[in-house]
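> Need a 3D model of the following:
(chains A, B, C and D)
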Protein chains: 4
Amino acid sequence: MAGSTFGTIFKITTWGESHGAALGVVIDGCPAGLPLCEEDIQVYLDRRKPGTSSITTPRKEDDKVEILSGVFEGRTTGSPISLLVRNTSQKPGDYSEIASYYRPGHADYTYDKKYGFRDYRGGGRSSGRETLGRVAAGAIACKILEQLGVRVCAYTRSIGTIQANLDHFDRAAILQTATAMPDRKADNDAISYLEGAKRNSNSVGGCMECIVEGVPAGIGDPVFEKLDANLAKAVMSIGAVKAVEIGDGYQVSLRFGTDNNDAFRMENGRVVKATNHAGGILGGISDGSSILIRAHVKPTPSIYTTQETVNKSGENININIKGRHDPIVIPRAVVVMECMTALTILDAMLMNMSARLENVVDFYRKQS
Amino acid sequence: MAGSTFGTIFKITTWGESHGAALGVVIDGCPAGLPLCEEDIQVYLDRRKPGTSSITTPRKEDDKVEILSGVFEGRTTGSPISLLVRNTSQKPGDYSEIASYYRPGHADYTYDKKYGFRDYRGGGRSSGRETLGRVAAGAIACKILEQLGVRVCAYTRSIGTIQANLDHFDRAAILQTATAMPDRKADNDAISYLEGAKRNSNSVGGCMECIVEGVPAGIGDPVFEKLDANLAKAVMSIGAVKAVEIGDGYQVSLRFGTDNNDAFRMENGRVVKATNHAGGILGGISDGSSILIRAHVKPTPSIYTTQETVNKSGENININIKGRHDPIVIPRAVVVMECMTALTILDAMLMNMSARLENVVDFYRKQS
Amino acid sequence: MAGSTFGTIFKITTWGESHGAALGVVIDGCPAGLPLCEEDIQVYLDRRKPGTSSITTPRKEDDKVEILSGVFEGRTTGSPISLLVRNTSQKPGDYSEIASYYRPGHADYTYDKKYGFRDYRGGGRSSGRETLGRVAAGAIACKILEQLGVRVCAYTRSIGTIQANLDHFDRAAILQTATAMPDRKADNDAISYLEGAKRNSNSVGGCMECIVEGVPAGIGDPVFEKLDANLAKAVMSIGAVKAVEIGDGYQVSLRFGTDNNDAFRMENGRVVKATNHAGGILGGISDGSSILIRAHVKPTPSIYTTQETVNKSGENININIKGRHDPIVIPRAVVVMECMTALTILDAMLMNMSARLENVVDFYRKQS
Amino acid sequence: MAGSTFGTIFKITTWGESHGAALGVVIDGCPAGLPLCEEDIQVYLDRRKPGTSSITTPRKEDDKVEILSGVFEGRTTGSPISLLVRNTSQKPGDYSEIASYYRPGHADYTYDKKYGFRDYRGGGRSSGRETLGRVAAGAIACKILEQLGVRVCAYTRSIGTIQANLDHFDRAAILQTATAMPDRKADNDAISYLEGAKRNSNSVGGCMECIVEGVPAGIGDPVFEKLDANLAKAVMSIGAVKAVEIGDGYQVSLRFGTDNNDAFRMENGRVVKATNHAGGILGGISDGSSILIRAHVKPTPSIYTTQETVNKSGENININIKGRHDPIVIPRAVVVMECMTALTILDAMLMNMSARLENVVDFYRKQS
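This is a model prediction of the structure:
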């Protein structure tokens, strides 16, 4: 247990600390026969690389992935896929200061209380670098989902008060803007906003969104393994996320039923919904519409203003955090949200294959 | 699999449909030695009973619980506890109409797509009656948590535009008001609001909140089994919930770091936080402050106005739903949220017992 | 946790004690669309009923099963199936004696040490009656396996020194003989043998075997979820089993490689094995041959001769066990072995559906 | 899923193929605070190293372990521990022949049927090299168990017809003899026996045993998670094991109850058993006596005599396997059995900590 495993059939186990020797992930249950090379994974890892703009940390993280097992002659074999990324940019450094106190908004205090001590170098396991394993595994999930006709796309919805305007949704911009916004105008505004915050030694929160297209109706299991429940867990497990919404999310609490129900209707011989307030999920099971998830992310807790806290000797002290930190988490977290969503959807789709007896019977009749 | 099991050590499995013979739950992993009788569970079940006010359905649901196993001479034995509630108030009825089409906002369509057909009587497994098993199990979790010094308290935060004023938090009112609001004035206003909606054949959304006091720092596991991630899953798995927040929730996306970080400070020889924007969880692990979870709930999809939908023959039709339905889900869902929260916290606390080797060594030294 | 759940996709949770109000099982993950009625299950339960011959206890156990959920209009819905059997024949009785000491060969002492006390009535959860839930769930697994072309058949291989002669394997005899032997001559001899033991107030051990035909090659997962590993767990979990063998089992330790390897060869265009020392499993994965499992079962620990033991006050005492007990466990355990085997094979077959990407892609292409 | 994860609280995930880049294991749920260095693990890995005597393959496998995460300042942190062993001795080689047919007794055929193709280099994932991850993880489990007063000791019981004489049990001999027998005389005889088989191009089976001392009474969970059931799974999951026994094992099927029951008696104020036919487990729960497990292992399937098989084109062919192979699996498998046993016992001990409510209450009272 202890929390580093995710998924039931497509099951991943991540490991590694910010300043340890390496980080990685083991993917067990990947169907055999998927063409896979390191470049497939590298392009996803590069999306969470810092140092590419004024609004991310100038730390250099090279993050070259190596496939250690589970792939033979260019295809997955059904055996566990082990992916490794060596840590290269850590300087030995002096951590005695950070080791001595609890940074506000970080997990320093809670790890100490849980385990009796902590790996204080760069946050250890609680560092954002932990998401590297999620992204490496998610890249594989995305590649499989593509073959199943499913497209997962996350982007920055807002940074502070600056909202992306989705009426002019520009998918290419997500990968090209420094903010990962699908709207170049908003990206510009957001950069100004962030630079203002940086000048004030401050950090900024924001909102990210993920749309999943092409999921067939019927995915997800009732009661506790509802698709939205598992998506909520997947996304809330990303550090700094404090709220998760499905479809219209928190706005439903102000609605009347007449405004919130989505009428069904026939369109080209298929059942569709006239609207999609539900965000593609009814009763915890996908309804064939696009699935929409939204996550609200707190400002980076590492800020450069003086803060009050306590040290390990139990004294009240003032601290000034040093180091190189993103003023906002989101632009690099967007790919993490995309990957966690992909992992959740894929696992639910694999699990769904045995939902109907007729499908099980067909499957084994074809085999024999 | 298939979704009706929740928890790792304190593991529950619920079963039963709205109009089947019975509903129930099996609790496996309950520590031995807890005094337990049917009345302990019945008081929780009674909180989700309808028919007690103008704003819940006049359907009569008696819901008497029977303990079938796992308790001997008034104490839990460590063996699975099986709890049963017979369905008594279903009338055979004519379901041919509801069987023929898909109600908007319900799971009729998604169950049909997943399983090939569905138990259409009263929503079958997707009915709100499914939560009966959660509440019965949650009652036991709450009783154990009490012995561990943990108090879980859920209440209605808002109904439509009517907000409870927490400055005058009245715990007794939660059990006494028809709305489960901790504020008798807001309860009054909300009832008027709901009656207005009912006159318009409409339904209403709302928001519920749960506070957990007394959880020691250190509960929850990193990365995927974070306490907030599991709470998000637990609460999002309740039917009609569309958004989950921890602490200040979605408001953090508009914040600066200076306003969102909670300073640590010493108080009576203990580390406390000066504020609690984080809602009691840092890095997925409890920090000793109160834990705060919030859930936004959509309006009841069963409304009495004419709606557009499709039938099983693939035709566009208009429907008028009959039957007895709550105009709002929340007052009866509050106890479900309390129970899901309790189940999540208790399981994490049991899991935490082996986090430190020194504790494991102590435990077995004491045994020998 | 706490041990009453078995399986990953086809997941069962059993509950109930020997002298509690009832026993039962919840099956979650049963594919939707299986025709199912109580009689399908009852025929399996009747095979473990005592009181039908001189060699089983004269206790009357009626064991009528009731389906409480998960079946609608005669077919499984995909929702959890809850099965209930009321205990009817317990007499209040005086258990103060049995409560005061630890019976040799029973779980009295170990339950007391684990839980601090125990339900001492008839062994509580450690009673053989616990297997009722396994058999009820196994009946459903067997019914599904039939549709997949898989036949599971367990029988008594030996009782004490009396061996069934498999050269004259008589399948009908398994259900018709008191010993569940597939050989009427051996059945006769075994009954004499058992009657001799009974006259000496003694009990007898024996061996049971299970053959599974029709399992396609490719079932089971490598390393820890090998088909033989899961079968070993399933069968060893049956009370009184002390050894499990696959194929030629313990005899392989005396063999040379030339005598133990099974040559492959073509037969009617199919790959077959010339011999089956392996018992149908290679590298933990089925090879298309019949699967063979064998279990050695200890003599019933309840014997009528005077035994030495200790009481709860820590004194050495002599005891004479009273009550009605089978002189041998096996004839009623055969159906339990059949059911545990079926549950294991079915779960592995459902899990196997996503082993190849091409099958996953085909599955979802067909859906759309 | 897909089988490479073992354990519930102390959870390991192994990965790697015989001729891939590396092999390894991730251990999640290891209690924090255990002193751990690479040498602790290396001594266990060295016990499965070949090339140290005439009866193991002359292949050189260096197998140097590297700790990549989860240890800080010499102690485990509670975060996942990632262990890596690079493959160094593979020669590119020509595998076209072995790729074209199915070796008898190996998993070539079953992997092909399951996954559609296979990594044929040295057996890929089905190679004995897979056990490297088990041993690395087991070394840590053993180190923790020592602190809990539990000692796990596996050894070779027999090789072909040569039995170790346990009356002169010599623990040091296990690590010093080429056969891992605790009896130097039997070791000598066994080596002659093996050399005879080698001269005949043949291989040999054998039996290994594991004794666990110091496990307190009360470990294991009822019904499906019985300690013996989990031990059976753990040991049967080791390649080439075909039978698993607990205590007196298969001999119980020939016994009378009077000969098989173990009387309880008081000794120095403690409950002990006068005999230990049960092998330390009653009702699936440890009884405080030594736990005894036995495994029967088939002869190495790679033999140098001509064998019949089929090729991938479906033709009957004769083959002569080349390469370097152990004539017997056991001497190097003994440490694997020791490790799988340790992993199982430790996980059950961690799980047991929440069995009694009074212990849970005590634990959290002490924390506050």
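
> Run the chain-centre distance for stretch A:223-235.
Distance of stretch A:223-235 from the chain centroid (CA atoms, centre = their mean, to the nearest Å) equals 14 Å.

> actually stretch A:27-34, not the one I wrote
Going by CA atoms, centre = their mean, where stretch A:27-34 is centred and where its chain is centred differ by 21 Å.

> any chance you could map the strands in the stretch 201-350 of chain A?
With DSSP state E, counting those that start in this stretch as the criterion, the stretch 201-350 of chain A has strands at A:206-213, A:241-246, A:264-267, A:270-273, A:281-282, A:285-286, A:291-297, A:307-310, A:316-319.

> Repeat that for the stretch 51-200 of chain A.
Counting by DSSP E, counting those that start in this stretch, the strands of the stretch 51-200 of chain A are A:65-67, A:71-72, A:75-76, A:81-86, A:151-159, A:162-163.

> Distance-wise, check residue A:167 relative to residue A:182.
Going from residue A:167 to residue A:182 by CB to CB, to the nearest Å gives 11 Å. Every C-beta, even on glycine, is put in place using the N, C-alpha and C of the backbone.

> More neighbours: those two, which one.
Legend: neighbour count by other CB atoms under 10 Å in any protein chain shown for residue A:167 and residue A:182, higher for residue A:182 (26 against 6).

> shouldn't the more buried one be in contact with residue A:166?
Yes - in this structure residue A:182 lies within contact range of residue A:166 using CB atoms under 8 Å: 7.2 Å.

> Please produce a markdown table containing the strands of the stretch 201-350 of chain A, extended by mean pLDDT, distance to residue C:338 and mean neighbour count.
As requested, these are exported to a markdown table (pLDDT from 0 to 100; distance: least, CB to CB, whole Å; neighbours: other CB atoms under 10 Å in any protein chain shown):
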| stretch | mean pLDDT | distance to residue C:338 | mean neighbour count |
| --- | --- | --- | --- |
| strand A:206-213 | 98 | 44 | 24 |
| strand A:241-246 | 98 | 45 | 29 |
| strand A:264-267 | 97 | 46 | 17 |
| strand A:270-273 | 97 | 44 | 17 |
| strand A:281-282 | 98 | 40 | 30 |
| strand A:285-286 | 98 | 35 | 28 |
| strand A:291-297 | 98 | 43 | 27 |
| strand A:307-310 | 96 | 63 | 21 |
| strand A:316-319 | 96 | 67 | 14 |
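
> Out of these, which is closest to residue B:27?
Ranking the strands of the stretch 201-350 of chain A by distance to residue B:27, with CB to CB as the measure, places strand A:285-286 first at 25.9 Å.

> where's stretch A:103-115 relative to the chain centroid, distance-wise?
22 Å.

> and it, average pLDDT?
The pLDDT scores in stretch A:103-115 average 97.

> Also stretch A:349-364?
Mean pLDDT, stretch A:349-364: 98.

> and it, does that touch chain C?
Yes - for stretch A:349-364, a contact with chain C is found by CB under 8 Å from any CB of the partner chain, at A:349-351, A:353-361, A:363-364.

> Identify the residues contacting that stretch?
If you take CB atoms under 8 Å, 6 or more residues apart in numbering or on different chains as the criterion, stretch A:349-364 is touched by A:8-10, A:29, A:31, A:145, A:148, A:150, A:215, A:218-221, A:225, B:1-2, B:114-116, C:9, C:29, C:31-34, C:76, C:78, C:144, C:147-149, C:216, C:349-350, C:353-354, C:359-360, C:363-364.

> Name the residues of it that are buried.
Within stretch A:349-364, the residues that qualify as buried are A:349-357, A:359-361, A:363-364, counting by 16 or more other CB atoms under 10 Å in any protein chain shown.

> rewinding a little: dump the strands of the stretch 51-200 of chain A to TSV, plus mean pLDDT and distance to residue D:41.
TSV is the format used below for those (pLDDT from 0 to 100; distance: least, CB to CB, whole Å):
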stretch	mean pLDDT	distance to residue D:41
strand A:65-67	98	22
strand A:71-72	98	26
strand A:75-76	98	29
strand A:81-86	98	17
strand A:151-159	98	39
strand A:162-163	98	51
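
> Pipe the ones you listed into TSV and attach distance to residue D:186 and mean neighbour count per row.
Listed next are the strands of the stretch 51-200 of chain A as TSV, based on distance: least, CB to CB, whole Å; neighbours: other CB atoms under 10 Å in any protein chain shown:
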stretch	distance to residue D:186	mean neighbour count
strand A:65-67	46	19
strand A:71-72	42	22
strand A:75-76	46	22
strand A:81-86	40	25
strand A:151-159	61	25
strand A:162-163	79	20
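
> Make CSV out of those strands and add distance to residue D:138.
Shown next, in CSV, are the strands of the stretch 51-200 of chain A (distance: least, CB to CB, whole Å):
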stretch, distance to residue D:138
strand A:65-67, 26
strand A:71-72, 27
strand A:75-76, 28
strand A:81-86, 19
strand A:151-159, 39
strand A:162-163, 54
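
> For chain B, which of those is the nearest?
Across the strands of the stretch 51-200 of chain A, chain B has its closest neighbour in strand A:151-159 (6.3 Å, CB to the nearest CB).

> close to chain B, is that closest one?
Yes - interface with chain B: strand A:151-159 contributes residue A:158 (CB under 8 Å from any CB).

> phi, psi of the residue of the stretch 101-250 of chain A found nearest chain B?
Nearest residue of the stretch 101-250 of chain A to chain B, counting by CB to the nearest CB: residue A:107, 2.4 Å away. Main-chain torsions, residue A:107, degrees, to the nearest 10: phi -90, psi 10.

> What count of nearby residues applies to it?
26.

> Report the contact partners of it.
Here residue A:107 is in contact with A:123, A:126, B:222, B:282-285 (CB under 8 Å, 6+ apart).

> how about JSON lines for those residues, with distance to residue C:344 added?
Conversion of those to JSON lines gives the following (distance: CB to CB, whole Å):
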{"residue": "A:123", "distance to residue C:344": "44"}
{"residue": "A:126", "distance to residue C:344": "40"}
{"residue": "B:222", "distance to residue C:344": "34"}
{"residue": "B:282", "distance to residue C:344": "43"}
{"residue": "B:283", "distance to residue C:344": "40"}
{"residue": "B:284", "distance to residue C:344": "35"}
{"residue": "B:285", "distance to residue C:344": "38"}
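
> Go through those and name the one nearest chain C.
Looking across the contacts of residue A:107 and measuring by CB to the nearest CB, the closest to chain C is residue B:222, at 20.5 Å.

> separation between that closest one and chain D?
7 Å (CB to the nearest CB, to the nearest Å).

> Excluding chain neighbours, what is closest to that residue?
residue A:3 (5.0 Å; CB to CB, 6 or more residues apart in numbering or on different chains).

> That neighbour: how many residues sit nearby?
Residue A:3 has 27 nearby residues by other CB under 10 Å.
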